[in-house]
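Q: Could you look at this predicted model? Sequence included:
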Amino acid sequence: MWWIILLFAVGLFLIIKGGDLFVDAAVWIAEVTGIPKFIIGATIVSLATTLPELCVSLISVASGSVGMGIGNAVGSVICNIGLIMALSLLFMPGAISRRELLEKGFMMISSGAVLLFTAANGLLTNPEAIILLALVVLYIILNVNSVARNNRAAHIPRRRFVAREAGGNAVKFALGLGGILWGAQLLVDNGALLARMAGISEDIIGLTLIALGTSLPELVTTLTALAKKEHNLSVGNIIGANIIDLTLILSACTFISPEGLMVSHQTLVMDIPVMMILMGIATVPALLYGRFRRWQGVALVAVYGGYIAKLMIG
């Protein structure tokens with residue numbers, strides 16, 4: 001019993017310390033290159049923090065649990081927006097580049113819409129996975145163009161590059177990412193054991209600990225970014241992670257599934273629509289006003305809470 005508690009505490013320490021190192025390194029990259037922190041968050045940070053979702057989905061599909069592939073990806077997006085992004089907007093709403101949000105927000109919403117359309121018959125096949133994969137390529141192209149556009153902007157201040165700092169931040173980045181991933185695994189595994197020992201049902205464990213578990217890197221990165229007042233890094237990370245969840249992860253899962261990726265009726269009629277509503281609340285008002293508002297965070301939490309309650313009631 002005490003070993004489980006100890007490992008749970010170690011996992012918590014690793015993700016907190018790992019998130020601190022990871023965000024420090026990401027901010028340094030942004031300052032040295034002159035690339036806006038929103039773009040850094042939407043690319044490097046989001047690719048790294050979606051590793052747990054990718055691993056869980058691929059392992060699940062490869063082991064025959066095909067239904068978990070799309071469930072994990074869509075569920076992670078719902079958690080990312082309804083809980084993690086909501087926290088960011090509740091505690092630190094702020095201004096955002098309309099152009100960057102339009103590009104990344106449009107890609108995120110488009111990815112959800114394409115998924116809804118291609119999965120309408122209850123099955124994702126290889127040709128449909130290629131469409132999702134094409135969205136990943138388009139997303140990368142948009143980010144490359146954003147970097148080039150911002151590099152041409154003379155008003156963006158850059159931090160002086162120092163070789164010693166580069167080595168130190170590379171180590172921080174690797175250690176931070178490793179700490180987040182390992183800590184998340186320890187926290188989820190041992191948290192689930194503690195929940196079972198306390199008599200909590202498997203359904204509730206799946207809806208809470210496991211669903212949140214694969215999103216822990218995004219949560220830790222967001223909380224650390226907020227503590228360091230790096231609002232744009234936090235939002236960029238969440239939007240980028242969502243795009244990767246819906247495109248790269250689902251296409252990869254479809255490719256390794258012999259019969260395609262099955263999509264449940266509940267996913268089509270409830271999960272994906274709720275996901276699309278959350279995306280709209282998170283992006284449309286910010287595009288209209290040029291900044292995020294605290295009420296958006298309240299609305300996101302309300303929708304997410306209602307969704308979880310509906311799942312538990314059945």
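A: The structure has been received and is ready for your questions.
Q: For residue 131, give me the backbone phi and psi.
A: Here is the backbone geometry of residue 131 (degrees, to the nearest 10): phi -60, psi -40.
Q: With residue 124 instead?
A: Taking degrees, to the nearest 10 as the convention, residue 124 sits at phi -100, psi 120.
Q: Correct me if wrong: it contacts residue 118.
A: Yes. The criterion here is C-beta atoms under 8 Å, and residue 124 meets it with residue 118 at 6.2 Å. (C-beta placed from N, C-alpha, C; glycine too.)
Q: higher neighbour count, these two?
A: residue 124 (25 against 19; other C-beta atoms under 10 Å).
Q: If we ignore the residues flanking it in sequence, what's nearest the more buried one?
A: Of all residues not flanking residue 124 in the chain, residue 261 sits nearest, at 4.0 Å (C-beta to C-beta, 6 or more residues apart in numbering).
Q: Just give the number of residues close to the one you found.
A: Neighbours of residue 261 using other C-beta under 10 Å come to 26.
Q: That one and residue 47, how far apart?
A: Distance of residue 261 to residue 47, computed by C-beta to C-beta, to the nearest Å: 22 Å.
Q: before we move on, what about residue 218?
A: From residue 218 to residue 47 the distance is 12 Å (C-beta to C-beta).
Q: Neighbour count: these two, which is higher?
A: residue 218 (30 against 16).
Q: got the contact list for the nearest residue to residue 119 once chain neighbours are set aside?
A: Distances taken as C-beta to C-beta, 6+ apart place residue 263 nearest to residue 119, at 4.2 Å, with adjacent residues excluded. Listed by C-beta atoms under 8 Å, 6 or more residues apart in numbering, the contact set of residue 263 reads 70, 119, 122-124.
Q: Just give me the closest of those residues to residue 29.
A: Nearest to residue 29 among those is residue 70, at 32.4 Å by C-beta to C-beta.
Q: so is the closest one in a helix, a strand, or just coil?
A: The three-state assignment at residue 70 reads helix, by DSSP: H, G, I helix; E, B strand; the rest coil.
Q: Measure how buried it is and give me the count.
A: Other residues lying near residue 70 total 26 when counted by other C-beta under 10 Å.
Q: isn't it right next to residue 124, touching?
A: Yes. Counting by C-beta under 8 Å, residue 124 is a contact partner of residue 70 at 7.1 Å.
Q: pretty sure residue 96 contacts residue 293?
A: No. Counting by C-beta under 8 Å, residue 96 does not reach residue 293; the two are 11.0 Å apart.
Q: in the stretch 51-200 of the chain, which ranges drop under the pLDDT threshold?
A: Counting by pLDDT under 70, the stretch 51-200 of the chain shows low-confidence ranges at 52, 56, 60, 65-69, 147-163, 188, 192, 195, 200.
Q: what ranges do the helices span in it?
A: Using DSSP state H, counting those that start in this stretch, the helices of the stretch 51-200 of the chain run over residues 51-62, 67-79, 86-91, 98-118, 126-151, 163-197.
Q: So for the third one, what gets flagged as buried?
A: Within helix 86-91, the residues that qualify as buried by neighbour count (16 or more other C-beta atoms under 10 Å) are 86-90.
Q: Could you do the last one as well?
A: With burial defined by 16+ other C-beta under 10 Å, the residues of helix 163-197 counted as buried are 169, 172-173, 175-177, 179-181, 183-195.
Q: what do you get for the fifth one?
A: Of all the residues in helix 126-151, those buried under the rule 16+ other C-beta under 10 Å are 128-129, 132-133, 135-136, 139, 142-143, 146-147, 150.
Q: Next, format these as JSON lines and append distance to residue 273.
A: Output for these, formatted as JSON lines (distance: C-beta to C-beta, whole Å):
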{"residue": "128", "distance to residue 273": "19"}
{"residue": "129", "distance to residue 273": "22"}
{"residue": "132", "distance to residue 273": "18"}
{"residue": "133", "distance to residue 273": "24"}
{"residue": "135", "distance to residue 273": "20"}
{"residue": "136", "distance to residue 273": "23"}
{"residue": "139", "distance to residue 273": "23"}
{"residue": "142", "distance to residue 273": "26"}
{"residue": "143", "distance to residue 273": "28"}
{"residue": "146", "distance to residue 273": "30"}
{"residue": "147", "distance to residue 273": "34"}
{"residue": "150", "distance to residue 273": "35"}
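Q: Any idea how far stretch 260-280 is from the middle of the chain?
A: 17 Å (C-alpha atoms, centre = their mean, to the nearest Å).
Q: And stretch 218-238, by the same measure?
A: 11 Å.
Q: Please name the nearest non-neighbouring residue to residue 175.
A: residue 21 (5.5 Å).
Q: What helix or strand is that neighbour located in?
A: Of the helices and strands defined by DSSP states H and E, residue 21 is found in helix 2-33.
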